[in-house]
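J.: The following block contains a protein sequence and its predicted model.
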Amino acid sequence: MTATTFDEERAPRDLGKILETAGVYAALSLLALQTIYPLLWVLFGSLKTKGGMMNNIWGPPRSLELSNYSEAWRIAGMGDRILNSLTVTALALVVLVVVATPCAYALARLRFRGRAIVLAVIVGAMLVPPQVMAIPLFVVAAKLKMVNSLFGISIIYAATSLPLSVFILRSFFLTLPTELEDAARVDGASRLDILVKVMLPLARPGMALVTIFAFIEIWNDFFLAFLLLRQPAVQTIPLGLVAFFQQYDSLWNLYFAALMMTTLPVILIFVLMQRQFIAGITAGATKG
Amino acid sequence: MARSGPEQANEDAWQPSRLSRLIESDGFAAAVMILPATLLLGTFFLWPFFYGVWLSMTNWDGFSQPAFIGLRNFTRLWSDRIFLGALENNVIFVFWVVILKNVLGLAVGLLLQRAGVGRAFFRASIFLPVTMSFVAVGLLWSWIYNPIFGLLNAVLDFTGMSGLKLSWLGDANVALYSVIAVDVWKWLGFHSVIYLAGLQALPTEVYDSARIDGASAWHRFRYITVPLMMPVIFINTILAFSGAFVRNFDIVYVLTKGGPNHATEVVLTDMMNRAFSDGAIGYAAAMGYVLFLIVVVLSVGLLMLMRRWRLEV
């Protein structure tokens, strides 16, 4: 008797739970669909013929037009754009890590005069977005002959990514134990020795995090590139894509192919490294 | 003599030891370590920032000699209809983006928390647009919004809602909201992931005892989740807020270039137009600083508001 009432009471609750779970998964599937399907749509479109879109907007292509990719590569000048983007991003990241790491270490561990001022400037630079001072930045870059220069924009990318990177690295150094450093100092190592030989290997995860964030930022950047790279020869991928789109907006299949070629590598990197990505974001946000 | 011996030795050792002590001192090491960063920040942050303050008080056109005109650029902005319209659009943009990213982000975070199996897959797929560039996202959506072969109108046809079909970016009444939707789409995964992390860090015991006391799901959400999540809500609001004010140039430029008829113009697109199409460098620089001041004032206001709310909770 008691057992049946118990079951009767339990049954609707179980049903409710099943319905709830089904609802959760239905909603999540819809959410996943609205991010994944548009990308699949671009992939499908990039493999269709020029007329194929009109009578088949939705579905997969009936035949694979792989020539779209070679055609898009040629017309959009993808080779040069990719080379420009790679050069700029690599140079900027090297400068960024080489400059930000020692600065962050000094701010985390050393006591020196002017420390408060350096920290204040870094926090200030974090709070003033480069966009609002785009016009004077352009004029300064022009004075330094850094407009239309891949080297120039790399240095400027390193500078605009610097404040946040120093901040992240500094909080990373603060979490490392001081015992190793103390031991090295007793053995007579200088501060620079300690930074290079003791701290750098330990700081690798923090440096990886900073590099990943700055990579996405710089590789995807449109605003500063638009501001500072005003000749086709030095254009990076985002500028080239926009130019291609505005010039040949009827060649949508080639255009989808170009979009796919530039988006896919970043998505692949993300899929391979998503654990680090998401851990980095949540750590940065919940600690800050 | 017996005393001067060691002193003499000290005298000899004095110079090298002083030099090496200087090199080994923290101050010297720190100077070497922060010098490159100081140079970069000085050249590309402090110099343009203060130079720009001066520029914004000149009538410079980019070629002739700049002349100081005081605050005349700023007073002129108050009667510039296009600028005021852009400012209004900017505020509408920020308002909706902050609300939608937080409400939807928390909702998706709650959904992800409930999904035991497949959580990593759903989280990754919702996060996908965050990794795409604004340009790729903008170009993708300009095709989704395309009135002829766009995906959105095709979906509406397919689901029998053809009456809702619109020229999403061509109609001045809806274009701004179409742009807002794209920005929310791009960043939703970012905020959801932060909300999910916050939810996962909540203590489960509180929920168990509330359930035993018979608190309904809504009451548990309203009186446990929301108060405990206040710090996370705070972080998400600040992130969405600061991003939305100044990171809207790319998406607006790619989708509409500020059109139709300035319906989606924001301060940054207006600023770039004035500077590079009209050559009004001084005037455009002033726009940047007005935007900056508004962001500062609103951020401080938001911080104070948040602090008060947190105290009440």
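T.: Looks like it came in fine. Numbers count the residues shown, from 1 in each chain, chains lettered A, B, ... in the order given.
J.: C-alpha from now on. contacts and neighbour counts both.
T.: Fine.
J.: Report the residue ranges of every domain in chain A.
T.: Following automatic domain parsing, chain A resolves into domains at A:2-65, A:77-287.
J.: Can you convert these into a markdown table and add a column each for mean pLDDT?
T.: Shown next, in a markdown table, are the domains of chain A (pLDDT from 0 to 100):
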| stretch | mean pLDDT |
| --- | --- |
| domain A:2-65 | 78 |
| domain A:77-287 | 87 |
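J.: And those: which comes nearest chain B?
T.: For the domains of chain A, proximity to chain B was assessed by CA to the nearest CA; domain A:77-287 is nearest, at 4.4 Å.
J.: tell me the domain boundaries of chain B?
T.: B:4-42, B:73-312.
J.: burial measure for residue 52, as a count.
T.: If you meant another chain, say so; for now it's chain A. Neighbourhood size, A:G52 [other CA atoms under 10 Å in any protein chain shown]: 15.
J.: could you do chain B instead?
T.: 26.
J.: okay, the residue nearest to the spatial centre of chain B: pLDDT?
T.: Centroid check for chain B by CA atoms, centre = their mean gives B:G243 as the closest residue, at 1.2 Å. With respect to pLDDT, B:G243 scores 79.
J.: Next SSE downstream of the helix or strand encompassing it?
T.: According to DSSP states H and E, B:G243 maps onto helix B:226-246. Downstream of helix B:226-246, the first helix or strand assigned by DSSP H and E is helix B:249-255.
J.: Send me the helix or strand that that next one is followed by as CSV with only the CA atoms.
T.: Moving toward the C-terminus from helix B:249-255, the next helix or strand (DSSP H and E) is helix B:267-276. Written as CSV, here are the backbone C-alpha positions of helix B:267-276 (Å, rounded to 0.1, in the frame of the first residue of the first chain):
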residue,chain,number,x,y,z
VAL,B,267,30.3,57.3,-33.2
LEU,B,268,33.3,55.3,-34.5
THR,B,269,32.0,55.0,-38.1
ASP,B,270,31.1,58.7,-38.1
MET,B,271,34.6,59.5,-36.7
MET,B,272,36.4,57.5,-39.4
ASN,B,273,34.3,59.1,-42.1
ARG,B,274,35.0,62.6,-40.9
ALA,B,275,38.7,62.0,-40.6
PHE,B,276,39.4,60.0,-43.8
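J.: So which elements touch the next helix or strand after helix B:267-276?
T.: Counting by DSSP H and E, the next helix or strand C-terminal to helix B:267-276 is helix B:281-312. Applying 3 or more CA pairs under 8 Å, 6 or more residues apart in numbering or on different chains; DSSP states H and E, we find helix B:281-312 packed against helix A:134-143, helix B:47-55, helix B:72-77, helix B:226-246, helix B:267-276.
J.: Get me the contact residues on the stretch 51-200 of chain A for chain B.
T.: Within the stretch 51-200 of chain A, the positions lying close to chain B (CA under 8 Å from any CA of the partner chain) are A:53-54, A:57-58, A:99-100, A:102-103, A:106, A:110-113, A:118, A:122, A:125, A:128-129, A:131-137, A:139-140, A:156, A:159-160, A:162, A:190-192.
J.: For the closest residue to chain A within the stretch 101-250 of chain B, give me its contacts.
T.: Nearest residue of the stretch 101-250 of chain B to chain A: B:S133, at 4.7 Å (CA to the nearest CA). Neighbour list for B:S133: A:N220, A:D221, A:P238, A:T263 [criterion: CA atoms under 8 Å, 6 or more residues apart in numbering or on different chains].
J.: Let me know the pLDDT of it.
T.: Model confidence at B:S133 (pLDDT) stands at 85.
J.: For it, what are phi and psi?
T.: phi -70, psi 160 (degrees, to the nearest 10).
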